[in-house]
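Q: structure here, sequence nowhere to be found:
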Ligand SMILES: Nc1ncnc2c1ncn2[C@@H]1O[C@H](COP(=O)(O)OP(=O)(O)OP(=O)(O)O)[C@@H](O)[C@H]1O
Ligand SMILES: Nc1ncnc2c1ncn2[C@@H]1O[C@H](COP(=O)(O)OP(=O)(O)OP(=O)(O)O)[C@@H](O)[C@H]1O
Ligand SMILES: [Mg+2]
Ligand SMILES: [Mg+2]
């Protein structure tokens, strides 16, 4: 991205980032740049890994992922920094059906659990197992994409599923007997808004405008949860009840600045990244946390207003 | 019989057609046969009857419909006007198992060796791997003068050798009615004479009915009981020449020379 | 000349070979030519020289290597022992543009009509869409007796018609040296006579050198100045027969009859 | 001749000869029988609860979804952009395939240099290209079209290059003997003879273009049938998934029929 | 004959005639030239910073990653399971392709019934099958092998069915005239003539099997080259992505060479 007169800033939007949908719907991101010659280009991320691919290839200046996915990319050398948290969701939990007889994480021993490797639900599962004094080897992890994990659970091909919203909420609302048998909001790894290092360094002013727009969206979404849920529902083709459950019951937009809570969570998870071989051999996930999280930038931006 | 040319020496459909008197069915019977390919009329109202055991030669200018006539008789052409019957059975009803044909082109299987190609002609009920069948095929290879080439592929044969493989395949079939389309055209005189005599032997021994298309007037006269001269485009029967020489014949027989002259005249040479 | 049979009437390589006296190069010169296909020896130590403007016929039993000889002369065979030269230039150095060949099989382009197929033979510097070239092709179509079939595809032609298209293609090339491999084998007598005379006209008018492979002894004697008789497998030159008749010839000329007898004897018929 | 050839070997022939012309007109309706039966089975499977509706929607539900999207106009946008991408991608891939296929088919050196690389690349799955294409070509339309072109390229390249290599040696010899020169042999002999192979390749290329669309539309797309499908998976909307599968089947078949029609017209000999 | 045929049209022929036998032995080395050059360019692009190391790892880095995985033994597990899946999937797909290709190639009715459906299905992208296969066949090895079989099936089916339809009518007529009966015409004429098409189809099928592996290994796999690649994408590990692409290229090429070798031995006429 050069510094010529007319530039494009590519920003992603995602069904798992409701504020991005609001910004796109209302045109507020473009509005934040009206007095410049910057063009805003929206690109859809279907998941954290796709968002990371956009960052990696340098195609998107701003991309949304789960916290752990951002750390993984950063540890593997993708030059991103997270100055802003777009949400604190409880988007993942362990799900089963009543008749499976599974009531706690301990009951998972020897069972088949569907999860998508490298994603939040996967790390959620690992943490839950760790809590119960087990490891990944005590269960059979079946690697499936999120929606296919859901249908495999319904079909009985797996006994439990490390679920992800909105599939999880949909399952809950539309299938009798679906049960979130293990929930722990603290094990969800937040929604990280990742900026390319080059973008932050070369165009801090633009980065600030992006954050300003996100702040505007965040405040509006907090004030208008129903409307936000409607936007989510229409954009992502989910039903209004599902959208409401996802957004109004399991989403907390109150803390946008990266802070100690985020640092601690990543710190807990960093060893797992290495144990599971999810990062290159020489990588230092623990050390990358400080490179990744930037508490100053957004605070300045918010303060500068 | 309006289609028969004025020079006709004999009614070409003199033998009754199958439909009229089944008991006296000629081996091959054609009446009012007209065959068109699009606008081209290949055969126009042809009448012809060949008795069982007869040896008939068909001559005529290039493109007059000789090959087409054989194709109709063997049941390969499905659409034509008029009637064509083998042993009284309409060829459109499936023709007869008893008809074998040696095509104008060798039409060999490129991937099979000479032995396998000839074995294609063995009757359906003969197992080609049977020692007796193998011997028979090897005998035919010798008969057509291809000893030592049993394992050669068609791509390794000369034009005349390929033609002889095709001929051997036709002989292997041992049909009651054998149709041959210029089977000796690519052979040198000596080989041709040998194969002609060989064909006569087969014909005599098996009592087969033979229709042979040829451009070689000498050959037609030497081999045939009757020579059908087709003419023009579209093809019609110009005349039928009876060859009155006794068998076995000498190639220099006076009667043959007379017949040759007659045929040559009919061809307009 | 150990390879030349005892019955030889004349040294087949009597004209000097190019390498020895370039000024007197024969149009076609072959010395000590041996050609093997794997174990098969197709030609064995063949010596032959043909002068510019000469008309030579090559006869011999099926499979004796006649087609192979033409293929060597036209440069299509890359590996052989001995020497083969056209106008003193070794065929392995690319042969000569001046050599044209009519193959034993028609080898027509299935997707092209008769006119386009013949136009393939037009010399390289002639634009086939040029009106003069078109006229020339149409003239050739008439010459080979295919009027009305200019737009037909090869699949719609009879065997003899396809052969005539192939012949017309060879004539279109107007080569100084024309090699013909049994070009009239699928033609009836009348058409064959016409085409033979036509070939003679072309030969005379253009002063071309012609080598013609044929199985028809009458044809060889009628057309050629000399008739090379190949023998056996592997092919060697059995004898060379000079045809002493004056031109233009009558087909019934006594001298021709004598030559025919001589050739037939050499062939061992 | 088989008395029962219609039932014994006739079917092989009748594929070419065609059945009755009247019945022919309605033959394509037979193609609907099996799909219709499958739809009924599908409906029953869902209706009787073998598959739950959220796993496999009822056929009617899929139609409703598609109809709903068509009514809002959303569907046409998806279809239009995908058709456009497939069209340009195929165009590009086929063009490059023709160029490289020709070059490697003709020049041994080019084949030795390029073929091993291209052969290796051809087995790389479409999904594997996505990250690389993102990196190399960004997220624009160009990257998507290029990825589709990769899919369309390989079948064209492979078929054309082997097709040119397999052009009958007989015909290449004709081009050589008649001194057509490189360009004219290509234009008049080699290319026309390779056209059937090329068209088989293009059919394969169009098929693979449709396969690569999904991967291409994973590159930052927000429209297109492939996007619709991926989106349906992410949103766990089986009706959308099945709907987009049906769209793929429909348009894939349509484009295939178009190429087949071209094939029928181009290869008419 | 062209004086300069080596440079004018010779290359077409020399693809078949082969170059010097000595040079031949090292010709395959030429195939390494372009890939080697590409590796050098790749290295330079990364070394000079055109692509950052997190986007495209240096060639050496990829080798290190692969070597590291090989040293821990992890790599062999991935390779073994993928080879196994591809093998069984291809086996199944090719077998079913042969059966359906034969049936539709032979019976007009079967073609009318099945072909339109299969033609539609062939354009459905591999990813689109994943949710349906999960639903129908669950998460076991069976589902993966079946999905790969789908990929391998279509090229075999298409090529064989059109190959059988295109068997030279001339040869089918031979089978008909010699009354081979259905089974024997298939065994001795139709199948051997369609073998080249079948092998082209199998080559295509093996290629598509490799394409479908990635989709198949999205179905609950925790091992395999396709899994490795998807994992590399999820983990933002370009070294793993590029490493698995190289593995695909290597094994894809290897299996292709194997089929090519079979092709060369089987189609030797
Ligand atoms: N491509 C080839 N591979 C192996 N052998 C061959 C090949 N071409 C010809 N031969 C052999 O070479 C010999 C001579 O063949 P050629 O075609 O020259 O004969 P010919 O004299 O033209 O015969 P005909 O009059 O039957 O056409 C034959 O024995 C033939 O089997
Ligand atoms: N498949 C076809 N399509 C169109 N026309 C055809 C077809 N087959 C033959 N013909 C035409 O039918 C006529 C007769 O052809 P046929 O092959 O029977 O001649 P022929 O007497 O065998 O000639 P030849 O002695 O040259 O072999 C010719 O004019 C030819 O052009
Ligand atoms: Mg004929
Ligand atoms: Mg020959």
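A: Everything's here; your move. None of the values given here were measured: they were computed from a predicted structure. Numbers count the residues shown, from 1 in each chain, chains lettered A, B, ... in the order given. Ligands and ions are numbered 1, 2, ... in the order given.

Q: all strands for chain B, in order.
A: Using DSSP state E, the strands of chain B run over B:28-37, B:40-50, B:55-59, B:81-86, B:89-90, B:99-102, B:177-181, B:209-213, B:226-231, B:236-242.

Q: is chain C within reach of the longest one?
A: So that's strand B:40-50. Yes: Strand B:40-50 is in contact with chain C by CB under 8 Å from any CB of the partner chain, via residue B:40. Every residue, glycine included, has its C-beta placed from N, CA and C.

Q: anything in that strand near ligand 2?
A: Yes: with CB under 6 Å from any ligand atom as the criterion, ligand 2 is reached by strand B:40-50 at B:40, B:42.

Q: run a quick neighbour tally on residue 175.
A: Going with chain A. Look at residue A:175: counted by other CB atoms under 10 Å in any protein chain shown, it has 15 neighbours.

Q: if you could check chain D rather than the one you did, that'd help
A: Count around residue D:175 with other CB under 10 Å applied: 26.

Q: how about it: what's its closest non-neighbour residue?
A: Nearest non-adjacent residue to residue D:175, counting by CB to CB, 6 or more residues apart in numbering or on different chains: residue D:185, 3.9 Å away.

Q: spell out which residues of chain D are next to chain A.
A: For chain D, the residues in contact with chain A (CB under 8 Å from any CB) are D:52, D:54-55, D:130-131, D:134-135, D:138-139, D:218, D:220-222, D:230-231, D:233-237, D:240.

Q: dump the residue contacts of residue A:47.
A: A:14, A:16, A:119, A:146, D:234 (CB atoms under 8 Å, 6 or more residues apart in numbering or on different chains).

Q: and the least confident of the residues you listed?
A: Lowest in pLDDT among those is residue D:234, which has 77.

Q: and the gap between it and residue A:46?
A: Noted for residue D:234: a distance of 5 Å to residue A:46, by CB to CB, to the nearest Å.

Q: following the chain onward from the helix or strand harbouring the residue nearest to residue D:175, which element is next?
A: For residue D:185, the host element (DSSP states H and E) is helix D:181-185. Counting by DSSP H and E, the next helix or strand C-terminal to helix D:181-185 is helix D:191-216.

Q: counting by contacts, list what that next one packs against.
A: helix D:74-106, helix D:126-137, helix D:141-165, helix D:225-234, helix D:238-266, helix E:126-137, helix E:141-165 (3 or more CB pairs under 8 Å, 6 or more residues apart in numbering or on different chains; DSSP states H and E).

Q: among those helices, which comes closest to residue A:35?
A: Comparing the helices and strands packed on helix D:191-216 by their distance to residue A:35 (CB to CB), the top pick is helix D:141-165, with 29.5 Å.

Q: near chain E, which residues of chain B?
A: Residues of chain B that fall close to chain E, judged by CB under 8 Å from any CB: B:74-76, B:97, B:99-101, B:103, B:105, B:107, B:109-112, B:116, B:120-121, B:123-124, B:153-155, B:169, B:173.

Q: er, the stretch 51-200 of chain A actually
A: Counting by CB under 8 Å from any CB, the stretch 51-200 of chain A sits next to chain E at A:52-53, A:56-58, A:72-73, A:76-79, A:114, A:116-119, A:141-145, A:147-148, A:151-152, A:155, A:157-158.

Q: in strands, which of those residues fall?
A: Going by DSSP E, the strands hold A:114, A:141, A:142, A:143 from these.

Q: ends of stretch A:152-169, what's the gap?
A: For stretch A:152-169, the first-to-last residue distance is 16 Å (CA to CA, to the nearest Å).

Q: so is it next to chain D?
A: Yes: on the criterion CB under 8 Å from any CB, stretch A:152-169 is in touch with chain D at A:154, A:155, A:166, A:167.

Q: can you name the residue of the stretch 101-250 of chain D nearest to ligand 1?
A: Nearest to ligand 1 in the stretch 101-250 of chain D, going by CB to the nearest ligand atom, is residue D:169, at a distance of 9.8 Å.

Q: circling back to that earlier point, between residue D:234 and residue A:46, tell me which one has more neighbours.
A: Here residue D:234 and residue A:46 are compared on neighbour count by other CB under 10 Å; more neighbours surround residue D:234, at 22 against 18.

Q: can you pull the contacts of the more buried one?
A: Residue D:234 neighbours (CB under 8 Å, 6+ apart): A:15, A:46, A:47, A:146, A:147.

Q: so which bits of the stretch 51-200 of chain A are right by chain D?
A: So far as CB under 8 Å from any CB goes, the stretch 51-200 of chain A lies against chain D at A:53-54, A:56-57, A:59-60, A:145-148, A:150-151, A:154-155, A:166-167, A:170, A:174-175.

Q: how does it look with 10 Å?
A: Selection of the stretch 51-200 of chain A residues close to chain D by CB under 10 Å from any CB of the partner chain yields A:53-54, A:56-60, A:145-151, A:154-155, A:166-167, A:170-171, A:174-175.

Q: could you give me the average pLDDT of stretch A:47-55?
A: Stretch A:47-55 comes out at a mean pLDDT of 85.

Q: distance from the chain centre to that stretch, please.
A: 11 Å (CA atoms, centre = their mean, to the nearest Å).

Q: check stretch B:249-263 too.
A: Its chain's C-alpha centre lies 20 Å from the corresponding centre of stretch B:249-263 when counted by CA atoms, centre = their mean.

Q: which residues touch it?
A: The contact list for stretch B:249-263 (CB atoms under 10 Å, 6 or more residues apart in numbering or on different chains) reads B:7, B:9, B:57, B:59, B:193, B:196-197, B:200, B:217-224, B:226-229, B:239, B:241-246, B:269, C:189, C:269.

Q: quick one, which of these are buried?
A: B:57, B:59, B:193, B:196, B:200, B:217-224, B:226-229, B:239, B:241, B:243, B:245, C:189 (16 or more other CB atoms under 10 Å in any protein chain shown).

Q: out of those, who's near ligand 2?
A: Near ligand 2, by the rule CB under 6 Å from any ligand atom, you find none of these.

Q: of all of the stretch 101-250 of chain A, which residue lies closest to ligand 3?
A: Closest residue of the stretch 101-250 of chain A to ligand 3, CB to the ion: residue A:148 (66.2 Å).

Q: that older thread, show me the contacts of residue D:234 that map onto helices.
A: Among those, the members found in helices (DSSP state H) are A:146, A:147.

Q: possible to save the contacts of residue D:234 as CSV with distance to ligand 4?
A: Shown next, in CSV, are those (distance: CB to the ion, whole Å):
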residue, distance to ligand 4
A:15, 77
A:46, 69
A:47, 71
A:146, 73
A:147, 71
